[in-house]
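Engineer: heads up, no residue letters with this:
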């Protein structure tokens, strides 16, 4: 599990990404291969409930957000998403993530 500080940083990164991309929590979950329920649970602050993200799940998401942010600096990915519907935005973001990917 991420520590409280790491979780706060992770959720801030994720929130910033969702805002920049203009995509919903459900679309974000789909993009990163997690359930909407998990994503919602990470943001939950109900006491007595385990709400943190596992490191092995969070780290790949952080890497993907970083890749999209870098692509945005180079080619304005987020601006290209303006006016698109959620499915079209997901298609563009998936293309960005697949660009330059190699399979071992």
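Structural biologist: Structure received. Since the model is a prediction, treat every value here as computed from it, not as a measurement.
Engineer: residues of the helix or strand bottoming out on mean pLDDT in the chain that come out buried?
Structural biologist: For the chain, the helix or strand with the lowest mean confidence is helix 36-43, at a mean of 91 (criterion: mean pLDDT, DSSP states H and E). Neighbour counts using 16 or more other C-beta atoms under 10 Å place 39, 41, 42 of helix 36-43 among the buried residues. For the C-beta atoms, the positions are set from N, CA and C on the backbone; glycine is no exception.
Engineer: secondary structure element for the closest residue to the last one other than its chain neighbours?
Structural biologist: Translated: residue 42. Counting by C-beta to C-beta, 6 or more residues apart in numbering, the nearest residue to residue 42 once its immediate chain neighbours are dropped is residue 53, at 4.9 Å. Residue 53 is located outside every helix and strand, with elements delineated by DSSP states H and E.
Engineer: now do the contacts for residue 25.
Structural biologist: Listed by C-beta atoms under 8 Å, 6 or more residues apart in numbering, the contact set of residue 25 reads 18, 36, 39, 40.
Engineer: out of those residues, which one sits closest to residue 5?
Structural biologist: Nearest to residue 5, judged by C-beta to C-beta, of those is residue 39 at 19.6 Å.
Engineer: longest helix anywhere in the chain?
Structural biologist: When secondary structure is assigned using DSSP state H, the longest helix within the chain turns out to be helix 55-75.
Engineer: packing partners of it?
Structural biologist: Helices and strands touching helix 55-75, by 3 or more C-beta pairs under 8 Å, 6 or more residues apart in numbering; DSSP states H and E, are helix 4-21, helix 25-32, helix 77-80, helix 86-98.
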